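S.K.: next input, structure requested:
(one chain, ligands or ions: 1)
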Amino acid sequence: MGAMDSIFNAMAGNTFPINRFDRDSHVVFFTGAGISAESGISTFRDPDGHWSKYDPMKLAGQAGFQEDPELVLNWYADRRKTICQAKPNAAHTSISNFQKLFRHSVVITQNVDGLHERAGNRSIYELHGNIHRHKCNSCGKITDLAKKNMRTLNRCDCGGKIRPDVVWFGESLPIGTINEAFEAVHNCDLMFSIGTSAQIYPAAQLPIVAQSRGAYVVEINPEPTPFSPQADMSVRDDAGSALPKFYEEFHAQFK
Ligand code: OAD
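M.R.: I've put the predicted structure just below:
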């Protein structure tokens, strides 16, 4: 029995059309917090995720930051500490292997943890910023505090408050990054949508757009999402288990 047979059996008759793809296929790996879950990093909307314990408006919004900046900075500092101690998992590593097979492949992530980069993934579009960077909340200048796990409020030369360079609720995504992400999605043949609850827009639009442009979209998530009914294949498994199996299948096919 091949590595993929267990996935195919679980999919009740839905067969992955591997022959549709070759080394020149354009592949997008679209990821959310679930891809880092097996590295020990909390997701947001799972039963034990951040938003089951904390109020997102207090910790990930402009009003919360103005009201109590140090509460916000400390929450990010705690997350940064966990992230720095974590390691990329089999799903992140698998993407690096995939990227050796497919020269036209990109990673579009909602994650701010930097694990894709640490795993050696390339062409990474970080839609929601990066927790390891800081910027001025007023003028937007990036501030080099990478080595400092900032817990107290620092000020920019302009007087503005320094904050993590992540996207908060009510804020726009970095325009250049989202444009490049949509361009990659417009041209892709195959998308893996991995570990995202597919609820936060505009990111959640990406698998829908990919599919409307003719791409085959595989969702990998142990739980169903609003996108599941329309996914070409919805694999109910952990990313670190499913993605290496897909890779092995492609690797064997392209030998
Ligand atoms: P969520 O926490 O909303 O969803 C995580 C998804 O990962 C869930 O659907 C889980 O079922 C799934 N999951 C859990 N463990 C998994 C595993 N081992 N393998 C695969 N999937 C697994 O996280 P996101 O969809 O990334 O935004 O959330 C999107 C945005 O909402 C985040 O970027 C963040 C949050 O508020 C900002 O902070 C701007």
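S.K.: list the buried ones in stretch 134-147?
M.R.: Neighbour-count burial for stretch 134-147 flags 134-137, 143, 145 (criterion: 16 or more other Cβ atoms under 10 Å). In this view, the C-beta of every residue, glycine as well, is placed from N, C-alpha and C.
S.K.: from the chain's centroid, how far away is that stretch?
M.R.: Taking Cα atoms, centre = their mean, to the nearest Å, one finds stretch 134-147 lying 22 Å from the centre of the chain it belongs to.
S.K.: picking up where we left off before, and the buried residues of stretch 134-147, which of them are in strands?
M.R.: Restricting the buried residues of stretch 134-147 to those inside strands, with DSSP state E as the criterion, leaves 134-136, 143.
S.K.: and the stretch 101-250 of the chain, which residues reach the ligand?
M.R.: With Cβ under 6 Å from any ligand atom as the criterion, the stretch 101-250 of the chain comes near the ligand at residues 110, 128, 167, 195-197, 199-200, 220-223, 225, 238-239.
S.K.: rerun at 5 Å
M.R.: Neighbours of the ligand within the stretch 101-250 of the chain, by Cβ under 5 Å from any ligand atom: 110, 128, 167, 195-197, 200, 221, 223, 238-239.
S.K.: determine which two of those are furthest apart.
M.R.: With distances taken as Cβ to Cβ, the most widely separated pair in these is 167 and 238, at 26.3 Å.
S.K.: pLDDT weak spots in the protein?
M.R.: Low-confidence regions of the chain, defined by pLDDT under 70, span residues 1-14, 145-147.
S.K.: mind listing the helices for it?
M.R.: Secondary structure of the chain (DSSP state H): helices located at 5-10, 50-53, 56-59, 62-67, 69-85, 90-101, 115-118, 175-186, 205-212, 239-254.
S.K.: would JSON lines of those helices with mean neighbour count be doable?
M.R.: Rendered in JSON lines, the data for those read as follows (neighbours: other Cβ atoms under 10 Å):
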{"stretch": "helix 5-10", "mean neighbour count": "15"}
{"stretch": "helix 50-53", "mean neighbour count": "13"}
{"stretch": "helix 56-59", "mean neighbour count": "16"}
{"stretch": "helix 62-67", "mean neighbour count": "15"}
{"stretch": "helix 69-85", "mean neighbour count": "16"}
{"stretch": "helix 90-101", "mean neighbour count": "20"}
{"stretch": "helix 115-118", "mean neighbour count": "20"}
{"stretch": "helix 175-186", "mean neighbour count": "16"}
{"stretch": "helix 205-212", "mean neighbour count": "20"}
{"stretch": "helix 239-254", "mean neighbour count": "19"}
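S.K.: who are the contact partners of residue 190?
M.R.: With contact set as Cβ atoms under 8 Å, 6 or more residues apart in numbering, residue 190 has these partners: 20-21, 25-28, 215-218.
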